[in-house]
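Peer 1: Quick one, what's the 3D model for this:
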Amino acid sequence: MMLARIDRQLGWATPLALVAVIVIVWEIAVRATNTPAWLLPAPSGVVRSLVEDKDILLPNALVTFSEVLLGFVSAVVVGVSLGITIYRSATLERLLYPIIIASQTVPIPALAPLLLVWFGYGLLPKVLVTALVGFFPIVVNTVEGLRSTDPDVINLLRSFGASRGKVFRLAEFPSSLPSVFAGARIAVAICVIGAVFGELVGAKAGLGYLITRAIAQFETPRLVAAIVLLSAMGTGLFALIGLIERIVLPWRKYTRASRS
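Peer 2: Numbering: from 1, shown residues only. This is a model prediction of the structure:
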């Protein structure tokens, strides 16, 4: 147990140390070469922008966060439902799977303007773009997780007269949850990208909209500050999904610990 705790602490310390080294080298390089802030701001300039422009950055970050959250929840609901439907019906699998795969071949930058034409510049098109980006890994992981159920467990339940619904509830769905959470971790990270894509095409608020304005005004420190907030948002949501997984599936924590 103690060794596992030390391993976890070292696991966090190593990337943090690497980030610290990169920031220090970045700061020194910018100062040594007298690089103008509009071309490449120093980390201290980015921090200054985060503090001085917080009245601009935080409201727009809240808009993007709401788009990501709504899109991600929609992706989970639709993705898990489609995954279960595909798993339980071979006919629907043949019908829906090619369409789902084809939906991922459409470039989001090409799809986002069309959604803006249909639904305007409000919240809905950004949520739709975010959900479309995020639902695919959830669908695929849900199907694969359901298929990975131990057949001996299924046969045992059926030998006791369990119905198909009861087998699904007691064996198939619980065994799929690790894969569902794996897909959710991937989805929540790329949902941030989807929300920004929607805002870059056309929006009245959000960090993507703020980035577009910062580029036009050569406010590079504010642009980098917005990128830092997006990175923190994606990392935080990824960690939150991991925390929820540890709460919902506590046995996986012990499995990893015993394996270590």
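
Peer 1: Can you show me the helices along the stretch 1-150 of the chain?
Peer 2: Along the stretch 1-150 of the chain, the stretches classed as helices by DSSP state H, counting those that start in this stretch are 2-33, 43-52, 54-88, 90-103, 108-119, 123-147.

Peer 1: looking at those, which is closest to residue 217?
Peer 2: helix 54-88 (11.8 Å; Cβ to Cβ). Backbone N, C-alpha and C define where each C-beta goes, glycine included.

Peer 1: ok, and for the closest one, which residues are buried?
Peer 2: 56-57, 60-61, 63-65, 67-72, 74-76, 78-80, 82-84, 86-87 (16 or more other Cβ atoms under 10 Å).

Peer 1: now for it, which elements pack on it?
Peer 2: For helix 54-88, the elements it packs on are helix 90-103, helix 123-147, helix 173-201, helix 207-216, helix 220-248, judged by 3 or more Cβ pairs under 8 Å, 6 or more residues apart in numbering; DSSP states H and E.

Peer 1: Roughly how far does residue 69 sit from residue 181?
Peer 2: 17 Å (Cβ to Cβ, to the nearest Å).

Peer 1: Oops, could you answer that again for residue 147 instead?
Peer 2: 16 Å.

Peer 1: Neighbour count: the two, which is higher?
Peer 2: residue 181 (21 against 12; other Cβ atoms under 10 Å).

Peer 1: Tell me the spatial nearest neighbour of the more buried one, not counting adjacent residues.
Peer 2: With sequence-adjacent residues excluded and distances taken as Cβ to Cβ, 6 or more residues apart in numbering, residue 181 is closest to residue 245, at 4.2 Å.

Peer 1: Pull up the per-residue confidence for that neighbour.
Peer 2: For residue 245, the pLDDT comes out at 90.

Peer 1: What is the burial count for it?
Peer 2: 19.

Peer 1: Which one, of the helices of the stretch 1-150 of the chain, ends up nearest to residue 227?
Peer 2: Per Cβ to Cβ, nearest to residue 227 of the helices of the stretch 1-150 of the chain: helix 43-52, 8.9 Å.

Peer 1: mean confidence score for the closest one?
Peer 2: Helix 43-52 comes out at a mean pLDDT of 90.

Peer 1: Which other helices and strands does that helix contact?
Peer 2: helix 2-33, helix 220-248.

Peer 1: Could you single out the most deeply buried of the ones you listed?
Peer 2: Sort those by mean neighbour count, taking mean count of other Cβ atoms under 10 Å, and helix 220-248 sits at the top with a mean of 17.
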